[in-house]
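# Could you work out the structure for the sequence below:
(2 chains)
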Number of protein chains: 2
Amino acid sequence: MTPETFPSQAIIEQTHELIRHYIHRTPVFTNSTINQQCGVEVYFKCENFQKIGAFKARGGINAVLSLQESERTNGITTHSSGNHAQAIAYAARQVGAKAYIVMPDNSPKVKINAVLGYGAEITFCPNTPEDREAAVQKIVAHTGATFIHPFNDYRVIAGQATAAKELLEQVEDTLDVLMAPVGGGGLLSGTALSAHYFSPTTEVIAGEPEGAADAILSFKSGQIERAPFVKTIADGLLTPLGDKTLAIIREHVKEILIVSDEEIVAAMRLLWERMKIVVEPSGAVPFAALMKHKDLFAGKKVGIVLTGGNVDLGKLPF
Amino acid sequence: MTPETFPSQAIIEQTHELIRHYIHRTPVFTNSTINQQCGVEVYFKCENFQKIGAFKARGGINAVLSLQESERTNGITTHSSGNHAQAIAYAARQVGAKAYIVMPDNSPKVKINAVLGYGAEITFCPNTPEDREAAVQKIVAHTGATFIHPFNDYRVIAGQATAAKELLEQVEDTLDVLMAPVGGGGLLSGTALSAHYFSPTTEVIAGEPEGAADAILSFKSGQIERAPFVKTIADGLLTPLGDKTLAIIREHVKEILIVSDEEIVAAMRLLWERMKIVVEPSGAVPFAALMKHKDLFAGKKVGIVLTGGNVDLGKLPF
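Numbering: from 1, shown residues only, chains lettered A, B, ... in the order given. This is a model prediction of the structure:
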């Protein structure tokens, strides 16, 4: 895991070319009230409008398209709290492969239904990293399916990197800061690589929920740490980092900011009310961090990846 | 009220030119799942992303910009269940005039706050047409403010017409059908005029809530009728038509379809879940009508004006 092994600029450019026809070039929204209220110029990359309702379509389709024909024959499997599950189910359908998805048994119903809608087979398991991995290993042993890790995979990371690459292309001025949430670190590491290659003066700052605050510990220690406790509304950010994502994040991310669930819900509500868009709690985490630390961002041009909009409308926190 | 007095094609073109810098050219969204589910090709004009969160910014700013300097001196007044209130408050602020807004006392809190946010003065009244008009007359007598009717005004109608004009410009193919909801008829009559001038083969079909079903009666009788009962979640569509809107609608609208509140909520929920956008109940009415009468629209290209996104997140119907 040295910078020499990270996906290169050329790899990210090729990835973008490869996946272009399977994903949306999502719009970038701005909002004058929010800018005024925060004293910042914010550019929101609306990945809630992405295929499957989240940026994970990018990494999923890239990983699946990168497989050899022989690697797809017995199907594809993964574990995910939801959006990567949908991404792999969607990607497998594009190439005509069978998808076996392991999901925690407390996954939002809307995500479960969407995975089923893409024709995938779901195996439920308790929501711990160990249980997820055990369930996947059983599927691999049983079916011979190829496993695609939800984030600790350079093909996935390169796919996620294309969201920030597009955002940098879509905003005329140079961004001072790029923000993304951090769970397993696939999006954050991809965002950091794109900033490094395509806009080297742009700093990358992450948001992380205090109820899954492992990345900030790992970022400091250089080891993969576990969160002191796991309890947050941001259900897409529960997992620890992987060795690949940690290495990139340590190299190219400036800072990780922690926010509470109350701050996440307030940020989410402001996005819904003012921008009229549906953003899931995980997607509101970086904006919550910006609102909490307005002084850090004062007068800056900030790009934020709004990661997804797959929220259970029957269980809203408002 | 004869076709000779209706706003002409040239008027609508000039209006669009006049208001261009004060409004957003809102995007048109499509959704493959919705198209599949309905067997229709739907183009959603996202006026929920418009200034003030609704299409009414168009008519409001056009009416205010069309006033003589002397007509603005003593301020501007209107009555509205919410979005026109915000539109006039917004427009008045643009020209530096004072706004006096009459709102029904059951208006959504989010709309009240927005009107206050634009620096307008609010007078509350019971939610009947008579009470609203009486309150406005009192303000006019007291302040000398100029009254701008929320819909029965050709300047307002010409402003609203620009939403459909843009939608027709933004969709490459010719639309078979254009849909809008009907309350007072400002948007519907503007939509019908734009279809007539800019895409004469496009049929205009409206959606109306069964809990405010006056327009369908007026459409048939040629008189301004009152609804048999007024009770609907679509709080932007409570008022009867005016003579100007009725005349245009009778001339250029093909049909008005009635939907129940359950159908409105289901349509609204589908838009939120699938398109990740916040649409208010009134805005979901035409799509509810389309979903109810799929056979009528089968295989057609349908444009729908999603009118607004100003919904109270604390009082959602899901």
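
# what's the burial count for the closest residue in space to residue A:304 that isn't next to it in sequence?
Leaving out its chain neighbours, the residue that sits closest to residue A:304 by Cβ to Cβ, 6 or more residues apart in numbering or on different chains is residue A:179, at 4.6 Å. Every residue, glycine included, has its C-beta placed from N, CA and C. Around residue A:179 sit 26 other residues, with neighbours defined as other Cβ atoms under 10 Å in any protein chain shown.

# got it, and residue A:201?
By the criterion of other Cβ under 10 Å, residue A:201 has 8 neighbours.

# ok, now which ones touch it?
When contacts are counted by Cβ atoms under 8 Å, 6 or more residues apart in numbering or on different chains, residue A:201 touches A:174, A:176.

# pretty sure it is in a helix, no?
No. Under DSSP: H, G, I helix; E, B strand; the rest coil, residue A:201 sits outside any helix and is assigned coil.

# Relative to chain B, how far out is residue A:69?
Between residue A:69 and chain B the computed distance is 27 Å (Cβ to the nearest Cβ, to the nearest Å).

# typed the wrong thing, it's residue A:221
Taking Cβ to the nearest Cβ, one finds residue A:221 at 37 Å from chain B.

# what's the answer for residue A:114, then?
According to Cβ to the nearest Cβ, residue A:114 and chain B sit 9 Å apart.

# can you pull the buried residues of the helix or strand hosting that residue?
Element membership for residue A:114 (DSSP states H and E) is helix A:109-117. The neighbour-count check on helix A:109-117 (16 or more other Cβ atoms under 10 Å in any protein chain shown) flags A:110, A:111, A:112, A:114, A:115 as buried.

# how far is the helix or strand containing residue A:36 from where the chain is centred?
Residue A:36 belongs to helix A:32-38 when elements are defined using DSSP H and E. Remark: helix A:32-38 is offset 25 Å from the chain centroid, using Cα atoms, centre = their mean, to the nearest Å.

# What residues of that helix count as buried?
Applying a neighbour-count criterion of 16+ other Cβ under 10 Å, one finds A:34, A:38 buried in helix A:32-38.

# just checking, next helix/strand downstream of it?
According to DSSP H and E, the helix or strand after helix A:32-38 is strand A:41-46.

# which neighbours does that next one have in its sheet, and in what orientation?
Strand A:41-46 has the following strand partners under DSSP bridges: strand A:28-29 (antiparallel), strand A:301-306 (parallel).

# what's the offset of the longest one from the middle of its chain?
Looking back up the chat, that one is strand A:301-306. Taking Cα atoms, centre = their mean, one finds strand A:301-306 lying 14 Å from the centre of the chain it belongs to.

# ditto for the shortest one
Computed by Cα atoms, centre = their mean, the separation of strand A:28-29 from the middle of its chain amounts to 18 Å.

# Do you know the pLDDT at the residue in the stretch 101-250 of chain A positioned nearest to chain B?
Nearest residue of the stretch 101-250 of chain A to chain B (Cβ to the nearest Cβ) works out as residue A:110 at 6.6 Å. pLDDT, residue A:110: 77.

# just residue A:1 next, same as before
At residue A:1, pLDDT is 67.

# what residues are up against the closest residue to residue A:108 other than its chain neighbours?
Among residues not flanking residue A:108 along the chain, residue A:312 sits closest, at 4.4 Å (Cβ to Cβ, 6+ apart). Shown in contact with residue A:312 (Cβ under 8 Å, 6+ apart): A:108, A:109, A:110.

# Quick check: phi and psi on the residue lying closest to the last one once chain neighbours are set aside?
Yep, that's residue A:110 we're talking about. Spatial nearest neighbour of residue A:110, excluding adjacent residues (Cβ to Cβ, 6+ apart): residue A:312 at 5.0 Å. Per-residue torsions, residue A:312: phi -80, psi 110 (degrees, to the nearest 10).

# helix or strand for the residue nearest to the spatial centre of chain A, which one?
Geometric centre of chain A, nearest residue: residue A:187, 4.3 Å, by Cα atoms, centre = their mean. Assigned by DSSP H and E, residue A:187 belongs to helix A:186-198.

# tell me which strands and helices the next helix or strand after that helix is in contact with?
Downstream of helix A:186-198, the first helix or strand assigned by DSSP H and E is strand A:203-209. If contacts are counted by 3 or more Cβ pairs under 8 Å, 6 or more residues apart in numbering or on different chains; DSSP states H and E, strand A:203-209 sits against strand A:177-181, helix A:186-198, helix A:215-221, strand A:255-259, helix A:281-292.

# burial count for the closest residue to residue A:198 other than its chain neighbours?
Excluding its sequence neighbours, the residue lying closest to residue A:198 (Cβ to Cβ, 6+ apart) is residue A:168, at 5.0 Å. Applying other Cβ under 10 Å, we find 21 other residues in the vicinity of residue A:168.

# what's near enough to touch residue A:168?
Neighbours of residue A:168 in contact, by Cβ under 8 Å, 6+ apart: A:175, A:178, A:194, A:195, A:198, A:199, A:202, A:303.

# Among these, which one lies nearest to residue A:30?
Closest approach between the contacts of residue A:168 and residue A:30, by Cβ to Cβ: residue A:303, at 10.6 Å.

# Show me what the closest one bridges to in the sheet.
residue A:43, residue A:178.

# could you list every residue that touches it?
Per Cβ under 8 Å, 6+ apart, neighbours of residue A:303: A:28, A:42-43, A:45, A:164, A:167-168, A:171, A:175, A:177-179, A:202.
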